[in-house]
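> Structure for this input, please:
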Amino acid sequence: MGTWPKIHPKRVRVITCDVTGTLVSFRGSIEEHYLGSAQKCGIDFVPDDPASSTGHNGPLPIHKAFSQGYRECCQIYPCFGGHDISAKEWWKRCVLRSFELAGARMNEAQQEAVFQRIYSIFGSQACYEKFDDALPFLQWANRSRIVCGVLSNADERYGDSILPMLGLTHDELQFQCFSKDFGLEKPDARFFLAALKQAELYLVSQNSYDVNDPLLPSQVLHIGNDFQKDFEGARRAGMHAALLSRYGEDELAAEWKRRGALVFEDLLDVVELLGRSNCQFG
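Numbering: from 1, shown residues only. As a prediction, this is how the structure comes out:
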């Protein structure tokens, strides 16, 4: 449990949440899902090259290959392709590049088969589960007349299928902002302000928006788990921010606190602090 910094919210009308690590937990590992899929598709790999560990060219372990492939695709096609290519095509390029870096030997049929398998797995409950506190937190916020939404560097599949599949629907999350749709990514302050606009549009749609009481950035609390993307991005947009340290990363959490962040172990700790902070809701 923590205390608010000197500048604390006097009123919270909107809460935006990151997805993975905040509302949703990832199940399994890249190695498990990628190598398991490769095995199912009869794909083999070139033998390990000792030179690869000394910095020379050679096949990478699959988790490192994925990290590099992901970075490359983000640089070539930011925001999961934005308006240039579909998210599915973006992920196909990322998956196949990752296998290439890992030394996979595949024909065209195997490339298509392994991609379709991985794409399906990562759209299913095999890879995700919601944190136990996610739904109670969102329900508390809704009862408190706080508008809740998602703000995530992700593609639209989270909103279309993954979150609803986990029981996090529009009843709990009134608006959703994904970088693929907006062509923006955290920590860009414009992405946070785009979320503010979506919250405003939701209030207008519910006949709950008073032009004499405009929605302000200072009335928004963003919750995430990355100091640069979530905390600094929100603060630059004039919003409040809190970070979650769910995995016992004590040293990292301590560093975040030293740099001025408010850090919690779970979302119910956020509820407790908001409840005793004398701020207005809704």
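> Which residue, neighbours along the chain excluded, lies closest to residue 228?
residue 187 (5.6 Å; Cβ to Cβ, 6 or more residues apart in numbering). The C-beta positions use only the backbone N, C-alpha and C, and glycine is treated the same way.
> Now do the strands in the stretch 101-250 of the chain.
For the stretch 101-250 of the chain, the strands defined by DSSP state E, counting those that start in this stretch occupy 104-105, 128-130, 147-152, 175-178, 220-224, 240-244.
> would you turn those into CSV with mean pLDDT, mean neighbour count and distance to residue 90?
Shown next, in CSV, are these (pLDDT from 0 to 100; neighbours: other Cβ atoms under 10 Å; distance: least, Cβ to Cβ, whole Å):
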stretch, mean pLDDT, mean neighbour count, distance to residue 90
strand 104-105, 96, 17, 19
strand 128-130, 96, 17, 19
strand 147-152, 98, 26, 15
strand 175-178, 98, 22, 13
strand 220-224, 98, 26, 22
strand 240-244, 96, 24, 27
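> Out of these, flag the one nearest residue 206.
Closest of the strands of the stretch 101-250 of the chain to residue 206 is strand 147-152, at 8.9 Å (criterion: Cβ to Cβ).
> Just checking: what are the partner strands of that closest one?
Strand 147-152 has the following strand partners under DSSP bridges: strand 14-17 (parallel), strand 175-178 (parallel).
> Can I get the ones you listed in TSV including distance to residue 273?
Below are the strands paired with strand 147-152 laid out as TSV (distance: least, Cβ to Cβ, whole Å):
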stretch	distance to residue 273
strand 14-17	13
strand 175-178	24
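> For residue 146, find the nearest of those strands.
When the strands paired with strand 147-152 are compared by Cβ to Cβ, strand 14-17 sits nearest residue 146, at 5.5 Å.
> after the closest one comes which helix or strand?
strand 24-26 (DSSP states H and E).
> residues making contact with that following strand?
With contacts defined as Cβ atoms under 8 Å, 6 or more residues apart in numbering, strand 24-26 is touched by 20, 127, 128, 129, 130, 131, 134, 162, 163, 166, 168, 246.
> in that strand, what counts as buried?
24, 25 (16 or more other Cβ atoms under 10 Å).
> And that strand, how far out from the chain middle?
On the basis of Cα atoms, centre = their mean, to the nearest Å, strand 24-26 sits 9 Å off its chain's mean C-alpha point.
> For the nearest residue to residue 199 once chain neighbours are set aside, list the residues it contacts.
Distance criterion Cβ to Cβ, 6+ apart; nearest residue to residue 199, sequence neighbours excluded, is residue 14 at 4.5 Å. Shown in contact with residue 14 (Cβ under 8 Å, 6+ apart): 146, 147, 148, 149, 195, 196, 199, 215, 219, 220, 221.
> Beta-bridge partners for the fourth one, please?
The bridge-partner assignment for residue 149, based on DSSP bridges, gives residue 16, residue 175.
> which residues does it contact?
Contacts of residue 149 by Cβ under 8 Å, 6+ apart are 14-17, 173-177, 195, 198-199, 202.
> on that earlier part again, for the contacts of residue 14, which one is nearest residue 79?
Nearest to residue 79 among the contacts of residue 14: residue 195, at 14.9 Å, using Cβ to Cβ.
> give the contact list for that closest one.
Contacts of residue 195 (Cβ under 8 Å, 6+ apart): 14, 16, 149, 151, 175, 177, 220.
> Against residue 183, how distant is it?
Separation of residue 195 from residue 183 (Cβ to Cβ, to the nearest Å): 14 Å.
> Ok, residue 118 next?
Distance, residue 118 to residue 183, by Cβ to Cβ: 25 Å.
> and those two? which has more neighbours close in?
Between residue 118 and residue 183, counted using other Cβ atoms under 10 Å, the more crowded position is residue 118 (25 against 17).
> Is residue 244 in contact with residue 226, as I believe?
No. Counting by Cβ atoms under 8 Å, residue 244 sits too far from residue 226 to count as a contact (9.9 Å).
> Fine by me, thanks again.
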